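J.: Provide a 3D model corresponding to the input given below.
(one chain, ligands or ions: 1)
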Amino acid sequence: MGHAEFTLRDQVDARRISLDEYWMPFTPNREFKADPRMIVRAEGMYFWNDRGEKLIDASSGLFCCAAGHGRKEIAEAVGRQLLELDFTAPFLRAHPKQFELATRIAELTPGDLNRIFFCNSGSESVESAMKVALAYHQARGQGGRNVFVSRDRAYHGVNFGGVSLSGLANNRRKYGPGLPGIAHMRHTHIRENFFVPGEGEHGAKLAEDLARIVAMYGAENVAACFVEPIAGSTGVLVPPKGYLKRLREICDQHGILLVFDEVITGWGRTGQAFAAQSFDVTPDMITMAKAVTNGAQPMGVVAVSERIHDTIMAAAPEGAIEFFHGYTYSGHPAACAAGLATLDIYRRDGLFERGRALSPYFLDALFSLRDLPVVTDIRGYGMLGALDVAVDGAPGKRGHLLQKKLFDNGLHLKTTGDAAIVAPPLIAEKSHVDRIVEVLRKTLAAL
Ligand SMILES: Cc1ncc(COP(=O)(O)O)c(C=O)c1O
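T.: Below you'll find the predicted structure:
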């Protein structure tokens, strides 16, 4: 029995609760419950476990807490909001903070992506964007366009639309064939770009997969192409130079919508508000979540181009509901209050600029691990990086062990398969980066 288990069990006994009832998501439940790793407190760059030990947070929770943990301004804004207006129906009713937050988000989105639809998670933002795409094409008399294009190794959340777009076998294989009419491009993780920071020189031609898919299905049948500008969850696949621009060209040529899923890359992670701006490619929609509220409240957002929005509006008769979609908690007052307080912090503390300034130091530090024999690739852009460890027997086994050992050595980060993803809060100092890389080195060397 580990010490942590003893501590947790102690609390469990005292409170007469058990570990059995809570079914944990994306977790080996039986393994976890036999040896739990609990988090009980967070502040700034740190978590504390139930033994009172401090862990540095190298993945902003789960890419959510860009402004660091325990931000008083956000907590107080949420508390105030709940006391003033806890809830109002989002259909046929509204509260002022929905409009205020939508306006503030639109100030930061690129191009004319100025129409803001609220939901409650990244997964819901993807479903919502898929529906917007279909509704748009119907509204402009091209209702035959219902094929979606995505990419191998893509992660677009866990609902059926997003799972159908997904290119991760484990997320799909138990759940049937998914939506019909989804085609996948190849991913861009190619050997020529291994250990290259930023955008690799090789692989822009992989964008031609989109042209091939369009030729195969017929442009008149293709609704939208969904990509994460940097594929995050799968292990930070930075696009090759010119790749996203080429996707944009092909979409423009054929009347296909380009959707950037910026659930991870949004909100300063790449040095600008959105990766769209960092890579200078404006999509037709951006999906986002996580850091929009600094993780303090669930919220998802779709930023939609005015052209798409206006087309859908114009197609509906005056007085009719134009878009039959929405959630009970769309634009929840507490989430909007959290979002506004978060955006205030980003602006006041210049966190996007701060992340941009720290990025070269962060990437140099991460890439310094390349001499370790167990490390087979390192990638990174902005304040988002990843390294792969050599497969040991079954894929994912060594990555899982790494994640547990890092936790025990005082470092929290997210692993996917054999990739460890590093995305510290944008409040990080150089000394935090040093500490993260020091623990990584020590743990990887002993793996
Ligand atoms: C690109 C992308 N899309 C969608 C999602 C799903 O977000 P959520 O877990 O909030 O549903 C994620 C989550 O990591 C993501 O990285």
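J.: which residues of the stretch 201-350 of the chain lie near the ligand?
T.: Listed as neighbours of the ligand in the stretch 201-350 of the chain under the rule C-beta under 6 Å from any ligand atom: 228, 232-233, 261, 263-264, 289. Using the backbone N, CA and C atoms, a C-beta is placed for each residue, glycine as well.
J.: list the contacts for the closest residue to the ligand within the chain?
T.: For the chain and the ligand, the shortest gap (C-beta to the nearest ligand atom) falls at residue 122, measuring 2.2 Å. Taking C-beta atoms under 8 Å, 6 or more residues apart in numbering as the contact definition, residue 122 lies against 156-157, 261, 263, 287-290, 300.
J.: circling back: in strands, which of the residues of the stretch 201-350 of the chain next to the ligand fall?
T.: residue 261 (DSSP state E).
J.: in TSV, list the residues of the stretch 201-350 of the chain next to the ligand along with pLDDT, neighbour count and distance to residue 69.
T.: Below are those laid out as TSV (pLDDT from 0 to 100; neighbours: other C-beta atoms under 10 Å; distance: C-beta to C-beta, whole Å):
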residue	pLDDT	neighbour count	distance to residue 69
228	98	26	25
232	97	25	20
233	96	23	21
261	98	31	25
263	98	29	19
264	98	30	18
289	98	29	18
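J.: quick one: which of the residues of the stretch 201-350 of the chain next to the ligand sit in helices?
T.: Nothing among these maps onto helices, per DSSP state H.
J.: quick one, phi/psi of residue 429?
T.: Dihedral pair for residue 429: phi -100, psi 170, per degrees, to the nearest 10.
J.: any figure for the gap between it and residue 61?
T.: 18 Å (C-beta to C-beta, to the nearest Å).
J.: between those two, point out the one with more neighbours.
T.: Higher neighbour count among residue 429 and residue 61: residue 61, with 21 against 13, using other C-beta atoms under 10 Å.
J.: find the nearest non-adjacent residue to the more buried one, please.
T.: residue 295 (5.1 Å; C-beta to C-beta, 6 or more residues apart in numbering).
J.: my read: the one you found touches residue 70, true?
T.: No: here residue 295 lies out of contact with residue 70, judged by C-beta atoms under 8 Å, at a distance of 10.9 Å.
J.: look at those two and report which has more neighbours.
T.: Between residue 295 and residue 70, counting by other C-beta under 10 Å, residue 295 is the more crowded of the two (24 against 15).
J.: assumed the more buried one was part of a strand.
T.: No: Residue 295 sits outside any strand when classified using DSSP: H, G, I helix; E, B strand; the rest coil, being coil.
J.: what's it in contact with, if anything?
T.: 60-62, 64-65.
J.: try 6 Å this time
T.: Taking C-beta atoms under 6 Å, 6 or more residues apart in numbering, we find residue 295 in contact with 61, 64-65.
J.: need these in TSV with secondary structure, distance to the ligand and pLDDT, can you?
T.: Output for those, formatted as TSV (DSSP: H, G, I helix; E, B strand; the rest coil; distance: C-beta to the nearest ligand atom, whole Å; pLDDT from 0 to 100):
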residue	secondary structure	distance to the ligand	pLDDT
61	helix	11	98
64	coil	9	98
65	coil	14	98
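J.: tell me the one of the contacts of residue 122 nearest residue 142?
T.: Nearest to residue 142 among those, counting by C-beta to C-beta, is residue 287 at 22.0 Å.
J.: what residues are bridge-paired with the closest one?
T.: residue 261, residue 302 (DSSP bridges).
J.: what's the neighbour count on it?
T.: Counted with other C-beta under 10 Å, residue 287 comes out at 32.
J.: find the nearest non-adjacent residue to residue 189, please.
T.: residue 237 (4.9 Å).
J.: residue 116: which element?
T.: For residue 116, the host element (DSSP states H and E) is strand 115-119.
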